[in-house]
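Trainee: Structure for the following, please:
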Amino acid sequence: MNDVSQRNEQVALWALRALWIGLPITLGPLLATKLDPVDLPGRSVLSVGLWLLWGLGFFSTLLPRPATLTAVRFGSAALIGLIIFAAGPALDASLVAGAINVLAALLISASAPLGGVFVDGVSYGDERRFLLRAPALVAILLRPLALIAGVVGLFTGPWLLANRHLISGFIFLVIGWPVAALVMRSLHQLNRRWVVLVPAGLVLHDHLSLNEPTLFQCHELAQVGPAASESTSLDLTQGAYGLALEVRCATEHDVWPTSTSGVAEATTIAGLLCAPARPDALLAEAAKRKLPVG
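Mentor: The predicted structure follows:
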């Protein structure tokens, strides 16, 4: 991976760690004020729970992996819910500081460089992994709605129970926590879609498009580069926004696209389109490996 790309990833990672460390200072007092009217046992349980969630989020920044990327991104969305919950009627300096901290953490956690360093955390040997962008409908609608449902499901039950609304709190707990778990599982599946550059060539690992990871060996590649608007290659971008890359084959190649019927059938292609979150970084790394970039 080129130096600029690697430096951007490390800057994003360390910035997120710093922002997470700052949360008890900026967001903590606001939450403490909001929890103050709650009776002591409930307040103590909620406080311990918030500290545990903060610790889990900070630990996730120290261990970049696809699973911890899911935790960081869900946790950052949860911070938005917490700052809205903690906001009072007046706009004061503490609220502004907390909001800036939370928004910065959300933006960095959602950034492509941060996603790149986390998914590459499970690379081994001489390989590099590049996260794929989410499908357009997921990115603009389904993922935001899922995050809202997950955050509401996570916090509503404990809050109601702490305020002695036992029946409604138990109902929200039984329903909300499985919803939050389902949301995190779905987000994790999105974070397990990537292009892998390996010594033998290029692998597309995308369960939304292909029934199994597909290797294109170096000698099978004719060109890897930005896709032309008139390209006739098999489109596996899932409608994702942004620049798509075209992988053109020197000879025809068999792939097994994902089928709604559950029965995968081989398709012979001369090339395919994919949508990495950082196409520039992928092309730079491919050029270093002497792949036919153009």
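Trainee: in the stretch 51-200 of the chain, which spans are strands?
Mentor: 128-131, 194-198 (DSSP state E, counting those that start in this stretch).
Trainee: Dump those to TSV, plus distance to residue 5.
Mentor: C-beta: built from backbone N, CA, C; applies to glycine. TSV is the format used below for the strands of the stretch 51-200 of the chain (distance: least, CB to CB, whole Å):
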stretch	distance to residue 5
strand 128-131	10
strand 194-198	13
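Trainee: Now tabulate those strands in a markdown table and tack on mean neighbour count, mean pLDDT and distance to residue 241.
Mentor: Below are those laid out as a markdown table (neighbours: other CB atoms under 10 Å; pLDDT from 0 to 100; distance: least, CB to CB, whole Å):
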| stretch | mean neighbour count | mean pLDDT | distance to residue 241 |
| --- | --- | --- | --- |
| strand 128-131 | 23 | 96 | 14 |
| strand 194-198 | 22 | 97 | 17 |
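Trainee: out of those, nearest to residue 19?
Mentor: Among those, the nearest to residue 19 by CB to CB is strand 128-131 (20.8 Å).
Trainee: Counting by contacts, list what the closest one packs against.
Mentor: helix 112-119, strand 194-198, helix 279-288 (3 or more CB pairs under 8 Å, 6 or more residues apart in numbering; DSSP states H and E).
Trainee: CA atoms of the helix or strand that the second one is followed by as PDB?
Mentor: Which is strand 194-198. As assigned by DSSP states H and E, the chain's next helix or strand after strand 194-198 is strand 201-205. Output in PDB follows, covering the C-alpha atoms of strand 201-205 (Å, rounded to 0.1, in the frame of the first residue of the first chain):
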ATOM      1  CA  GLY A 201      -3.400 -12.100  -8.100                       C
ATOM      2  CA  LEU A 202      -6.800 -10.600  -7.100                       C
ATOM      3  CA  VAL A 203      -9.700 -12.100  -5.100                       C
ATOM      4  CA  LEU A 204     -13.200 -10.700  -5.000                       C
ATOM      5  CA  HIS A 205     -14.900 -11.700  -1.700                       C
END
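Trainee: Now for the residue lying closest to residue 198 once chain neighbours are set aside: which residues touch it?
Mentor: Leaving aside its chain neighbours, residue 198 sits nearest to residue 127 (4.6 Å; criterion: CB to CB, 6 or more residues apart in numbering). Listed by CB atoms under 8 Å, 6 or more residues apart in numbering, the contact set of residue 127 reads 196, 197, 198, 199.
Trainee: Is the third one bridged to anything, and to what?
Mentor: When bridges are taken as DSSP bridges, the partners of residue 198 come out as residue 201.
Trainee: Would you confirm that it contacts residue 123?
Mentor: No - with contact defined as CB atoms under 8 Å, residue 198 does not count as touching residue 123 (9.3 Å).
Trainee: after the top strand by length along the chain, next one along is what?
Mentor: Of all segments of type strand in the chain, defined using DSSP state E, the longest is strand 245-255. For strand 245-255, the following helix or strand on the C-terminal side (DSSP H and E) is strand 267-274.
Trainee: And for that next one, what's in contact with it?
Mentor: 132, 195, 204, 206, 209, 222, 227, 231-237, 244-249, 252-257.
Trainee: Just the CA atoms of that strand, as PDB, please.
Mentor: Output of strand 267-274 as PDB, limited to C-alpha atoms (Å, rounded to 0.1, in the frame of the first residue of the first chain):
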ATOM      1  CA  THR A 267     -21.300 -17.600 -15.700                       C
ATOM      2  CA  THR A 268     -18.500 -17.100 -18.200                       C
ATOM      3  CA  ILE A 269     -17.300 -13.500 -18.200                       C
ATOM      4  CA  ALA A 270     -14.700 -11.400 -19.900                       C
ATOM      5  CA  GLY A 271     -14.600  -8.900 -17.000                       C
ATOM      6  CA  LEU A 272     -16.400  -7.500 -14.000                       C
ATOM      7  CA  LEU A 273     -17.100  -4.300 -12.200                       C
ATOM      8  CA  CYS A 274     -16.600  -3.800  -8.400                       C
END
